[in-house]
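Q: I would like the atomic coordinates for the input below:
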Amino acid sequence: MSQHIFVNLPVADLSRARSFYAALGFSFDERFSGETSACVVVSEQIHIMLLLREYFATFTPRPMGEPARDTSVLIALSRDSREAVEAFMQAGLKAGGTDNGKVQDFDFMYGRSISDPDGNVLEPMWMDVTAFERTLGDEINSAVDA
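A: Numbers count the residues shown, from 1 in each chain. Predicted structure coming up:
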């Protein structure tokens, strides 16, 4: 059985949100899109559902947060290189996103942080898994030897 992830995000202006995510290079699955929602295709198994705030509220018994003020989720999106992380950021900024000023720069990983026009946080990141495993292994061995 194929597993899928649908991340639901509240948005105030669906047209603006669609334009932003399209500018980042994502496509849309129109089968799951309409007047109150848009389905962003991240990968074959991962989708972001952009839901108008009123529609989003029908899915939860809890009060809805305000993404521009409160952070409830950080969506990390892997990219193929540091340069691809920067290209993602530039496309997002040009499309109305906000640079959150957060940079993670390690030998094995590079990441940035951008908010979409509604304040939902995306974190494009690149990781050299082999270097990460080597670094983690060195840290574990140092801790054991101490």
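
Q: contacting residues around residue 19?
A: Residues near residue 19 by Cβ atoms under 8 Å, 6 or more residues apart in numbering: 95, 96. Heads up, the C-betas are built off the backbone N, CA and C, glycines and all.

Q: Just the buried positions in the helix or strand it falls within, please.
A: Under DSSP states H and E, the secondary-structure element containing residue 19 is helix 14-23. Judged by neighbour count (16 or more other Cβ atoms under 10 Å), helix 14-23 contains these buried residues: 14, 16, 17, 18, 20, 21.

Q: for the residues you listed, which one is nearest residue 72?
A: residue 17 (16.7 Å; Cβ to Cβ).

Q: before we move on, the earlier item: what mean pLDDT does the helix holding residue 19 get?
A: Averaged over helix 14-23, pLDDT sits at 98.

Q: Who are the packing partners of the following helix or strand past that helix?
A: Following helix 14-23 in sequence order, the next helix or strand is strand 27-28 (DSSP H and E). Here strand 27-28 touches helix 14-23, strand 37-41, going by 3 or more Cβ pairs under 8 Å, 6 or more residues apart in numbering; DSSP states H and E.

Q: so where's the protein uncertain?
A: Filtered on pLDDT under 70, the chain yields the residue ranges 1, 136-146.

Q: Out of the helices and strands packed on strand 27-28, the one nearest residue 97 is which?
A: helix 14-23 (6.5 Å).

Q: So which residues of this protein form strands?
A: Using DSSP state E, the strands of the chain run over 5-11, 27-28, 37-41, 46-52, 74-78, 98-99, 104-105, 109-111, 114-115, 121-127.

Q: Which strand residues bridge residue 74?
A: Counting by DSSP bridges, residue 74 is bridged to residue 121.

Q: What's the local residue count around it?
A: Neighbourhood size, residue 74 [other Cβ atoms under 10 Å]: 12.
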